[in-house]
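Q: Let me see the structure of the following:
(chains A and B, ligands or ions: 2)
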Amino acid sequence: MSGDPILTVDHLMMRFGGIVAVNELSFAAERRKITALIGPNGAGKTTVFNCITGFYRPSGGAIRLTDDVGRTMQLERLGDFRITKQAKVARTFQNIRLFPGMTALENLMVAQHNALMRASGLTLLGLIGTPSWRAAEERAIELARTWLDRVGLLPRADDAAGNLAYGDQRRLEIARAMCTEPVLLCLDEPAAGLNARESGGLNELLLSIRNDQGTSILLIEHDMSVVMEISDHVVVMDYGVKIAEGTPQAVRDDPKVIAAYLGADEEEAIAVMESGT
Amino acid sequence: MSAISARPSHAAQPSGSAFILKKALISAAVALVLFSLMIGVRTEAGPQGGLIYWTRFGDLAALVGTVFGGSIIIELLRQWWGPVDKEHIVPKPVQAAMSFAGRWLAPALLVFAFLVPVIFYNQRYILDLSILVLTYVMLGWGLNVVVGLAGLLDLGYVAFYAVGAYSYALLATNFGLSFWVCLPLAGILAAFWGVLLGFPVLRLRGDYLAIVTLAFGEIIRLVIINWQSLTGGPNGVSGIPRPTLFGIPLDNSDDGLAARLGIDFSPTHRIVFLFYLILAMALLTNWVTIRLRRLPIGRAWEALREDEVACRALGINVTTTKLTAFATGAMFGGFAGAFFATRQGFISPESFTFQESALVLAIVVLGGMGSQLGVALAALTMIGGFELFRGFDQYRMLVFGIAMVLLMIWRPRGLIGHRAPTVFLERNQAISSDLVKEGHG
Ligand SMILES: Nc1ncnc2c1ncn2[C@@H]1O[C@H](COP(=O)(O)OP(=O)(O)OP(=O)(O)O)[C@@H](O)[C@H]1O
Ligand SMILES: [Mg+2]
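A: Ligands and ions are numbered 1, 2, ... in the order given. Okay, here's the model as predicted:
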């Protein structure tokens, strides 16, 4: 695979005691493309995400991010919050992690923490309430409003995030990640638990994030209709190793992929095979 | 309609007389087992050194009966007024009156606070008590930043109070610095200790954090006791200078305030001055906290309480955010400590025991974590109420304990449990306490 990768994962290893959750995994995610990471349950997909976003320190290998101006960062050395702050990688979680006691709007304001901290002069200017701070806050609210609108949650802006319906929470989490203004957005099963209509809306949202924002997307997904419809490139994992990669069509017809899904879960295998036909 | 929709949630909570009776019987049985040896049989060393005993079945029966009756009453109270579906039992006009009171309570309290020295000018006891209450309001507001907003359980808050008090006492007695110079220094020193404590312990969570902060509070006290050469050890520091009105002393000397104004000197002048001083300091604490909540740092504190992992995923430096919460809370504690020292004129380690930390924490929890008004009300009831029962010396603790238990049954999330959003687009609506996390360290 050639082109202009934004993220390169190189011989990534992740061990938990005796378990090798990710084994010598290498792949690349293209800039301004949607790359899907799929595989049966327990294949190690979330673990890869946790390594990329600094929640786990990899046992081996390298993760490189080249941003839009050409700076390259070794993510495995940055660790923790700096990956979002400096490398501009944002993520969502498989089991939604919003701030349930804060409103939808507040959730999006927290996401702009670093930018707002700078604008508030590390709190001092904000405490006095200088005009520059007020303008920055206005802009932050405006950005939050834009994203609330784009995920269709503007009428619920002042409701507690914990009170939103499941599908709304999923979309709010994506909006929150986007408010950090990332170059790479990592989504862990964004379509899980959504009905067909919601899942269709999600496809549109992700495509518009790619096309309008120019944000690259790395996507873990079990819902094959989503994967087949929107992804530009698919990486298939099983037992911590990459078993196939390529275009959605190529992957769907790959016997190794079908076998992996058959071995793991018949329904998923059928879903993989049927999604194209 | 709303009454019907409330049914399922009510049904989920077992109710009915059979349930209440069963619960009361179980409580009575437990009480019987417990008290039969503790109360029912009394032993004592006899005149020959042998053990003699006698029975007190009457007392035992009375106690078990009380537990039985009390259990029924508490269960009834819980079902009628409990948080389960309170709004369906409270009638509409009462609700309207309550929301009206809720809106005007804070301004009314503020006006009343400003008028206290005018109304009670001749009642020294009430003035002293108000100063005490305000000191605890300030401490409560300070700790509220750490516990209520950031969700970090701090059981050693008194340490910062002590650091502030000793900073002022030692700086003033050794170097003759004035109160107004020492006040910021005391705050800075306390904040510094807050950061110092914060570094090692902020990796800990929940119970561990609580235990370490508790230990820190005790360590500071022990250091003060044992570092005799600096702190005077158990004898404390005396002769701490009284505060001045920007250099003008409040005594009956020739250049005192009374003489300069040409009025008769009265010791009450100083009390009134102290009252307004602590009122101003408490209001400053309140103002800063309210402002901070609307700034990114304050939102990050609350986000931290809600979900630390999500904070990290948004690029928030969790460690510095926690440290700033600790330091801010500690700074307010330090200010309050400096005030305490200047008011008392004498401080000793005895004033900074764990009991103080527990009391301030109780104020924060009782008030409703995170709520400024709730904390003020809790301080008023706890400190004021505690003093009211001073006459019934031995029952004071008992009444206090019962009141606490009842309050926590009635309002498990504190007096004011809901959370006010820090920013809104259209509607500024409170968030129900069930959604707001209490933090886990
Ligand atoms: N913190 C951890 N400690 C020990 N083992 C772990 C840890 N995290 C993941 N694992 C193991 O790594 C393997 C891969 O888990 P992972 O969550 O990455 O799978 P997944 O592909 O995301 O599966 P799913 O589709 O169910 O979300 C599993 O066997 C899991 O038990
Ligand atoms: Mg997973």
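Q: What does the nearest residue to A:M237 once chain neighbours are set aside show for phi and psi?
A: The spatially closest residue to A:M237, leaving aside those adjacent along the chain, is A:G39, at 3.7 Å (C-beta to C-beta, 6 or more residues apart in numbering or on different chains). In short, each C-beta sits where N, CA and C put it, glycine included. For A:G39, the backbone dihedrals (degrees, to the nearest 10) come out as phi 160, psi 160.
Q: Any idea how many residues pack against A:G39?
A: Other residues within reach of A:G39 by the criterion other C-beta atoms under 10 Å in any protein chain shown amount to 26.
Q: From chain B, how far out is it?
A: If you measure A:G39 against chain B using C-beta to the nearest C-beta, to the nearest Å, the figure is 22 Å.
Q: near ligand 1, which residues of chain A?
A: Where proximity means C-beta under 6 Å from any ligand atom, the interface of chain A facing ligand 1 comprises A:F16, A:I19, A:A21, A:G39, A:N41, A:G42, A:A43, A:G44, A:K45, A:T46, A:T47, A:Q94.
Q: so what's the fifth one scoring on pLDDT?
A: pLDDT recorded at A:N41 is 88.
Q: And for it, the neighbour number?
A: For A:N41, the neighbour count with other C-beta under 10 Å is 9.
Q: pLDDT value on the residue in the stretch 151-300 of chain B positioned nearest to ligand 2, please?
A: Relative to ligand 2, the nearest point of the stretch 151-300 of chain B is B:R205 (24.0 Å; C-beta to the ion). At B:R205 the predicted local distance difference test score is 72.
Q: ok, B:L109 - how many residues close by?
A: With neighbours defined by other C-beta under 10 Å, the count for B:L109 comes to 14.
Q: Enumerate every residue touching it.
A: In this structure, B:L109 makes contact with B:L373, B:A376, judged by C-beta atoms under 8 Å, 6 or more residues apart in numbering or on different chains.
Q: Which element, helix or strand, includes it?
A: Per DSSP states H and E: B:L109 is located in helix B:92-119.
Q: after that helix, next one along is what?
A: Per DSSP H and E, helix B:92-119 leads on to helix B:124-144 as the next helix or strand towards the C-terminus.
Q: average pLDDT across the helix or strand that comes right after that following helix?
A: Using DSSP H and E, the helix or strand that follows helix B:124-144 in sequence is helix B:158-175. Across helix B:158-175, the average pLDDT comes to 91.
Q: ok, now which ones touch the residue of chain A found nearest ligand 2?
A: Closest residue of chain A to ligand 2, C-beta to the ion: A:T46 (3.1 Å). Contact criterion C-beta under 8 Å, 6+ apart gives A:Q94, A:D188, A:I220 as the residues in contact with A:T46.
Q: Show me which residues of chain B are close to chain A?
A: Counting by C-beta under 8 Å from any C-beta of the partner chain, the positions of chain B adjacent to chain A are B:288, B:291-292, B:295-297, B:299-300, B:302-303, B:306-307, B:309-318, B:419, B:421-429, B:431-432, B:435-437.
Q: So B:E44: helix, strand or coil?
A: What DSSP: H, G, I helix; E, B strand; the rest coil gives for B:E44 is strand.
Q: Give me the neighbour count for the residue of the stretch 151-300 of chain B found nearest ligand 1.
A: Among residues of the stretch 151-300 of chain B, the one nearest ligand 1 by C-beta to the nearest ligand atom turns out to be B:R205. It sits 16.7 Å away. In terms of burial, B:R205 registers 15 neighbours under the definition other C-beta under 10 Å.
Q: Find the residue at the geometric middle of chain B.
A: Averaging the C-alpha coordinates of chain B gives a centre point, and the residue nearest to it by C-alpha atoms, centre = their mean is B:I363 (2.3 Å).
Q: Provide the backbone phi and psi angles at it.
A: Geometry field for B:I363 lists phi and psi as phi -60, psi -40, criterion degrees, to the nearest 10.
Q: B:Y53 too?
A: For B:Y53, the backbone dihedrals (degrees, to the nearest 10) come out as phi -140, psi 160.
Q: ok, for B:D128, nearest residue in space, not its chain neighbours?
A: In space, and not counting its chain neighbours, B:D128 is closest to B:I271: 7.0 Å by C-beta to C-beta, 6+ apart.
Q: who touches the one you found in this structure?
A: Neighbouring residues of B:I271 by C-beta under 8 Å, 6+ apart: B:P117, B:R124, B:L127, B:D128, B:I131.
Q: ditto for B:F35
A: Applying C-beta under 8 Å, 6+ apart, we find B:F35 in contact with B:L60, B:L63, B:V64.
Q: If we use 10 Å, what do you get?
A: The contact partners of B:F35, taken as C-beta atoms under 10 Å, 6 or more residues apart in numbering or on different chains, are B:V41, B:R56, B:D59, B:L60, B:A61, B:L63, B:V64, B:V67.
Q: could you say what helices and strands the longest helix along chain A packs with?
A: Taking residue count as the measure and DSSP state H as the definition, the longest helix of chain A comes out as helix A:131-150. Secondary-structure packing of helix A:131-150 (3 or more C-beta pairs under 10 Å, 6 or more residues apart in numbering or on different chains; DSSP states H and E): helix A:104-111, helix A:113-119, helix A:124-128, helix A:166-178, helix B:296-306.
Q: Single out the most deeply packed of the ones you listed.
A: Among the helices and strands packed on helix A:131-150, the stretch with the highest mean neighbour count (mean count of other C-beta atoms under 10 Å in any protein chain shown) is helix A:104-111, at a mean of 29.
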